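Chemist: coords please:
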Amino acid sequence: MHLEITLLGSGIAAAMLIVGAAIAYRWAPGDRTRSALQHLAAGVICAVTAAELVPEALKTARGLDFSVGFVAGVALMLVAKALGERLSGENSRGGFLVATGLDVSIDGLLIGVAFSIGTDTGGLLVLAFTLELAALGLALGASGTRSLRHSVGTAALLALPVLPAAVVGQLVVSQLPIAFRAGLVGFATAVLLYLVIEELMSEAHEVEERPLATSLFFVGFLGLVLLQMQITD
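Modeler: Numbers count the residues shown, from 1 in each chain. The predicted model follows:
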């Protein structure tokens, strides 16, 4: 798998974090707008999991390997959550930025892993993370930063780990024997499910639920599945 494709995909996702922050500074979106975007991103991520990763896991027929990778993915996200809560609990903006940077780095790592599984999988996951990071950028830009330069600079700092994390994810995976493929799919599946349930949907539900926002989850899911049908047709 060409590394250039991974760099391009992760670069697009990272850029949307910066663009979202710049837009939000000029036009501060409401909580409902960010919630709607998070619902859409969650639907797309679920569709990537259902349409790409689960069928891939079933083809390998290596249940034990898949389970080991799945458990490893859950463990990673639980550790990341505990670390993030500890850093954020320090009641400092620096702690918040470090915790957010950790989450963004995991997104980048997963992009690299996805491209190692397949170009289609990587491309679809880039689409999902583009929506997620755009929502993060909107939240960052609307958080009352001092200036546009400060808002964009903070977003750029957070986006910085995405590319190297994606490169590391692909390079490490490319060195693994093909027998580890089922475990790799299990790992990616667990991380994506955690992102949807414990992060995106949890944050999206912090505001009053609206039918439009709820429907966007299903729009994202259906749209991604239809897109995948066109790709594989």
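
Chemist: work out for me the element Thr33 sits within.
Modeler: Using DSSP states H and E, Thr33 falls within helix 31-48.

Chemist: you'd agree Ile111 is up against Val162?
Modeler: Yes - counting by CB atoms under 8 Å, Ile111 touches Val162, with 7.5 Å between them. Just so you know, the C-beta spots here come from the backbone N, C-alpha and C atoms, and that holds for glycine as well.

Chemist: now do the shared contacts for those two.
Modeler: 10, 13 (CB atoms under 8 Å, 6 or more residues apart in numbering).

Chemist: returning to that earlier point: tell me how far whatever helix or strand comes next after the helix holding Thr33 is from the chain's mean position?
Modeler: Following helix 31-48 in sequence order, the next helix or strand is helix 54-60 (DSSP H and E). Helix 54-60 sits 21 Å away from the centroid of its parent chain (CA atoms, centre = their mean, to the nearest Å).

Chemist: same question, stretch 131-149
Modeler: Counting by CA atoms, centre = their mean, stretch 131-149 comes out at 16 Å from the chain centroid.

Chemist: for it, which positions count as buried?
Modeler: Counting neighbours by 16 or more other CB atoms under 10 Å, one finds that the buried residues in stretch 131-149 are 131-142, 145.

Chemist: contact partners of that stretch?
Modeler: Stretch 131-149 is contacted by residues 13-14, 16-26, 28-29, 33-34, 37-38, 40-41, 44-45, 100, 104, 107, 151, 154-155, 158-159, 162, 195, 200, 220 when judged by CB under 8 Å, 6+ apart.

Chemist: can you show me the helices along the protein?
Modeler: With helices called from DSSP state H, the chain shows them at 3-26, 31-48, 54-60, 63-88, 93-117, 119-141, 148-159, 162-174, 181-194, 201-204, 211-232.

Chemist: contacts only, for the closest residue to Gly9 other than its chain neighbours.
Modeler: Spatial nearest neighbour of Gly9, chain neighbours left out: Val126 (3.9 Å); criterion: CB to CB, 6 or more residues apart in numbering. By CB under 8 Å, 6+ apart, the contact list for Val126 reads 9-10, 12-13, 111, 114.
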